[in-house]
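K.L.:
sequence first, predicted model second:
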Amino acid sequence: MFKVVKRRQLNDNMFWLVIEAPLVARKAKPGQFVILITDEFGERIPLTMAGHDSEAGTIDLIFAAVGRTTMLMSQLQEGDALMDVVGPLGKPTNMDGLKKVCVVGGGTGNALAYPLACGMHDHGVEVDMICGYKSKDLVILEDEFRAGVDNLYMMTDDGTYGEKGFTTDKLKELIESGKEYDEIVAVGPPMMMKFTCKMASDYGIHSIASLTAYMIDGTGMCGGCRCKIGGEDKFVCVDGPEFDGALVDWDDLIKRSNYYKEQEAEDRAHVCRLTGGVRYND
Amino acid sequence: MINLVKEQNPMPEQAPDVRNKNFLEVAEGYTEDMAIREAMRCLKCRKKPCVSGCPVNIKIPDFIAQIAIGEFEEAYQIISEDSSLPAICGRVCPQENQCQGVCTRCAKGEPVAIGRLERFAADWHAAHYGDEEIQPVESNGHKVAVIGAGPAGLACAGDLVNKGYEVTVYEALHKTGGVLVYGIPQFRLPKEIVAAEVAKLEAKGVKFVTDAVVGRAITVDELMKEEGFESVFIGTGAGLPSFMNIPGENLIGVCSANEYLTRINLMKAYLPEYDTPIMHGDRIAVVGGGNVAMDAARCAKRMGASEVYVIYRRSMEELPARAEEVHHAIEEGCIFKLLHNPVQILGDEEGNVRAIECVQMELGEPDASGRRRPIPIEGSEFEVPVDMVIMSIGTKLNTLILDTTDQLEANRKGGIGTDDGAATNRDGIFAGGDAVTGAATVIKAMGAGKVAAASIDEYLG
């Protein structure tokens, strides 16, 4: 069992759990993910780690309670446990040779951008961070980002916090103002990553996108996470999760992210109706 | 006395129309009477071709002779001298290509049903002695790590613990058993049987560490340098599922057989109380002709598909699946489209599968595999309306262990390179099963695990 040692609610729907997982923590690096199972009846879901502490043997998971499993996880209290956590999986973020990058996070993607941006900063890379949210009540991790990167730019779609506009508006402004980035990293919903990477390409800047996909084992066995990268089939779990943003077939990825849409909608309704979020376990 | 009836005693089975709607075991096993009658069909011939036909050389005529005189436990003990997993191999071995394929009785009639007798002996033992307490084996002080809790790893761990080694098995998934739990369905191999085998090993002293991906969480070199293992056996199995590289393979409704089977078997998506989502197709095409394809097709039927097509590019003669699986699949209503090859998968406006386009094939000259090469018949393309496609055309090797183990060498196929004794180029590191050979069978993996155990014993002894 993998014990919850700390729980923090970030906003209405976002949670931060610190989980005891020594085998994962000892080798974890920014950009890598875990697969977890809540209990005997749970599914296996991948989640990018938001951080880790090798000495304490813990990992950080930040998530929005949007699916059946994350809804169940949001109910866990300190002292409760997940049945299984396996990792670290996937390739770590490449930081070598980078001097200055801009990390662009969208919505819940900011939780995953957080370890990546701070990890790069700790590695000696100059990091500009653009955090985009729909509105003020969804803002997370502002203090953490401010402490961990060189420059932080807060954006909301409706202008209720920070500057009004999309992350791409700010990215464009920064590039136009003369900032020279070696790389732009996009972490967030596929549509936001698509436009961020496209903008990077338009300015001739290399881009990286951190992809999420359906997967079961996370070690290359199921092939559920396959996506088209430069016309070739790649597996997010073993070849990724980060890919060259210019090579990602975004339309294919967006289409495939709806694979289990119907079942998931049913599942969500089921969790709420039956249990108010907590599994009926008799 | 020898039973001269030319046909095998049939094994009782659930009726096809009943079983294709449930996940209970299809074949129900011989009764004692049936087993004795079948055992008496063995001619006790002098050449014993069956023994050399068996990848682990089980003393087949000897155990059959014991069944014939009603000494069932003795029969089980004889099998156990050479096989670690008789209840499993009796169910899943391709006997027709191994022991039974060379049985002397094939000259006139059907071979002795060796697999069914093996299963009978193992099940009889489990029913009568399964609860016997197993004592831990006294340690010889040597530590060995086994990577992968599938058939190769379990067999290797079993032989090593019997010799007194302190064995720790690392498994990437959350359950032990490898392909026996994620791949082979419940109706062909009940998971309780696998769990019982693992429990036996645990009772003897084998430690299992699940949720541990060697190569990521810990490397082979760290196991040896930091964790104190003097030797490591790598039995990580076959790797990444192959796709055909035809248009439409990323449509919604296309998945690998590995994914489909893992969702059903490991994650129990067929039971309503489990969360794992699964796609329900009404007309499903399974592409491929191996055992995995048969498992996927038969699962698809049980998940409620009204039509299931098995699309295979050669003819029934070349179809590689075990004969019994093909027979069962046909009985259960799977439709075989032989000499057909998919050209593309077609989707609707939302990106869902709506049809698979196939071309008809004819057989030409034999190719490198010795089988006649399938050649497309020009202009014969046509569409089969389906809403799901399951790709079951084999796997590519996973390079994680090779990439993360210092100086470990690959073989020509890209698997882990070994000699006949399962030794790799690195001292103390051994490998076997699909990780070395590419996708093969449970019994071959088990055999390789046993060979490696003997080599490790020699290396450390």
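P.N.:
Good, I have the coordinates.
K.L.:
ok, residue A:216 touching residue A:46?
P.N.:
No: Residue A:216 is beyond contact range of residue A:46, at 9.3 Å (criterion: Cβ atoms under 8 Å). For glycine as for every other residue, the C-beta is placed from the backbone atoms N, C-alpha and C.
K.L.:
between these two, who's got more neighbours?
P.N.:
For residue A:216 versus residue A:46, the count of surrounding residues by other Cβ atoms under 10 Å in any protein chain shown is larger for residue A:216: 25 against 22.
K.L.:
per-residue confidence at the spatially closest residue to that one that is not a sequence neighbour?
P.N.:
The shortest distance from residue A:216 to any non-neighbouring residue, by Cβ to Cβ, 6 or more residues apart in numbering or on different chains, is to residue A:222 (4.3 Å). Listed pLDDT for residue A:222 reads 93.
K.L.:
list phi and psi for residue A:222.
P.N.:
When read as degrees, to the nearest 10, the backbone of residue A:222 gives phi -90, psi -30.
K.L.:
contact partners for it?
P.N.:
Neighbouring residues of residue A:222 by Cβ atoms under 8 Å, 6 or more residues apart in numbering or on different chains: A:215-216, B:241, B:256, B:258-259, B:262.
K.L.:
give me that answer again for 6 Å
P.N.:
Counting by Cβ atoms under 6 Å, 6 or more residues apart in numbering or on different chains, residue A:222 makes contact with A:216, B:258-259, B:262.
K.L.:
chain A contacts on chain B?
P.N.:
Counting by Cβ under 6 Å from any Cβ of the partner chain, chain B comes close to chain A at B:172, B:174, B:211, B:216-217, B:239-241, B:250, B:252, B:256, B:258-259, B:262, B:273-277, B:351, B:398.
K.L.:
buried ones among the residues you listed?
P.N.:
Those of these that meet the buried threshold are B:172, B:174, B:211, B:216-217, B:239-241, B:250, B:252, B:256, B:258-259, B:262, B:274-277, B:351, B:398, by 16 or more other Cβ atoms under 10 Å in any protein chain shown.
K.L.:
and the residue of the stretch 1-150 of chain B found nearest chain A, how many residues sit next to it?
P.N.:
Of all residues in the stretch 1-150 of chain B, residue B:148 sits closest to chain A, at 10.9 Å by Cβ to the nearest Cβ. By other Cβ under 10 Å, the residues close to residue B:148 number 32.
K.L.:
could you do residue B:334 as well?
P.N.:
By other Cβ under 10 Å, neighbour count at residue B:334 equals 24.
K.L.:
surely it meets residue B:297?
P.N.:
Yes: counting by Cβ atoms under 6 Å, residue B:334 does reach residue B:297; the two are 4.6 Å apart.
K.L.:
which residues touch residue B:209?
P.N.:
Taking Cβ under 6 Å, 6+ apart, we find residue B:209 in contact with residue B:170.
K.L.:
run through the bridge partners of it.
P.N.:
Assessed by DSSP bridges, residue B:209 has beta-bridge partners residue B:170.
K.L.:
could you report the distance from it to residue B:58?
P.N.:
According to Cβ to Cβ, to the nearest Å, residue B:209 stands 31 Å off from residue B:58.
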